[in-house]
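S.K.: Dropping a prediction and its sequence here:
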Amino acid sequence: MRNILGNLGGRKFLTAVSMSMLIGLNEGLGLGMEEETLTQMCMILGSWILGESVIDASSAFKKEGK
């Protein structure tokens, strides 16, 4: 349980939540950001999250092998 709660403060999780909130606020409050801009931001941040996840998985795999 502690591990799950610890992950809620992680950079990847907070990045995903922040982007979701930005999209919601843009739709709800009409911030005026273009949909294409938001799509590109999601792709960039999603790629970063995926890359970080691969790095985390490979480091965990290396630790198990030792």
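M.R.: Great, that's in hand.
S.K.: Provide a list of residues in contact with the most centrally placed residue in the chain.
M.R.: By Cα atoms, centre = their mean, the chain has its centre lying nearest to Ala16, at 3.3 Å. Contact analysis of Ala16 by Cβ atoms under 8 Å, 6 or more residues apart in numbering lists Leu45, Ile49. All C-beta spots, glycine's among them, are computed from the backbone N, C-alpha and C.
S.K.: ranges for the helices of this structure?
M.R.: Taking DSSP state H as the criterion, the chain carries its helices at 2-7, 11-29, 35-65.
S.K.: Please tabulate these in JSON lines and include mean pLDDT as additional columns.
M.R.: Formatted as JSON lines, these follow (pLDDT from 0 to 100):
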{"stretch": "helix 2-7", "mean pLDDT": "66"}
{"stretch": "helix 11-29", "mean pLDDT": "92"}
{"stretch": "helix 35-65", "mean pLDDT": "91"}
